[in-house]
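[1] Test case, fold it:
(one chain, ligands or ions: 1)
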Amino acid sequence: MFDDLRELYQEVILDHSKHPRNFRHPEDANHEAHGYNPLCGDTVNVYLKMGHNGLIEDAAFEGKGCAISLASASMMTEIIKGKTETQAKTIFDGFQKLVKGEDDNFDAGEDTERLMVLAGVKQFPMRVKCATLARHAMSSAMDGAEETSTE
Ligand code: ZN
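    Residues are numbered from 1 along each chain as shown. Purely as a prediction, here's the structure:
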């Protein structure tokens, strides 16, 4: 294990990376995007089922990569399911600022609270891209783009 990761590997990150939630390819998904983080080699495919009113009815992913990228995707799919596209993007923006150390006042709220475990990556710029890969891919999927890269 890398030294710089040791303190990031909290129980919840390990749990999500070993047992990712929503790790599947839903047949009725109507938005999807592929994301790639060349710095670490993380890849993710996100699948969303968007309703007529912008509601995210289902969110799932498949991919491989480091524990942080998998845990982030796992947590993000749980959090955005049942939200509207607008709500999800607000969460993404707050999360992005949090992990880049630009804003520590991320309003976690009840269901985004667990994203705080990823806040530690702000000390490790290389890891920020692992933590934000899923969020980039989900934004791309909502916007109708099919490819995204952290570069
Ligand atoms: Zn990674």
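
[2] how about residue 74, what does it touch?
    When contacts are counted by CB atoms under 8 Å, 6 or more residues apart in numbering, residue 74 touches 16, 17, 20, 21, 22, 23, 61. Quick note: C-beta positions are derived from backbone N, CA and C, even for glycine.

[3] Could you identify the most distant pair in those residues?
    Within these, 17 and 22 form the most distant pair, 13.4 Å apart (CB to CB).

[4] tell me which parts of this structure are close to the ion?
    40, 42, 65, 66, 69, 130 (CB under 5 Å from the ion).

[5] The last one falls within a helix, correct?
    Right, residue 130. Yes: counting by DSSP: H, G, I helix; E, B strand; the rest coil, residue 130 falls inside a helix.

[6] okay but it is in contact with residue 69, surely?
    Yes: counting by CB atoms under 8 Å, residue 130 does reach residue 69; the two are 4.4 Å apart.

[7] how about the helix or strand hosting residue 34 as PDB, C-alpha atoms only?
    Taking DSSP states H and E as the criterion, residue 34 maps to strand 31-37. What follows is strand 31-37, C-alpha atoms only, in PDB (Å, rounded to 0.1, in the frame of the first residue of the first chain):
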ATOM      1  CA  HIS A  31     -27.700   7.700 -20.200                       C
ATOM      2  CA  GLU A  32     -24.200   6.400 -20.000                       C
ATOM      3  CA  ALA A  33     -20.600   7.600 -20.100                       C
ATOM      4  CA  HIS A  34     -17.100   6.200 -19.900                       C
ATOM      5  CA  GLY A  35     -14.500   7.900 -17.700                       C
ATOM      6  CA  TYR A  36     -10.800   7.400 -17.600                       C
ATOM      7  CA  ASN A  37      -8.200   8.700 -15.200                       C
END
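
[8] what angle separates the helix or strand immediately after that strand in the chain from strand 31-37?
    The helix or strand immediately downstream of strand 31-37 is strand 42-50, counting by DSSP H and E. Following axes from the mean of the first three to the mean of the last three CA atoms, to 10 degrees, one obtains 160 degrees for the angle between strand 42-50 and strand 31-37.
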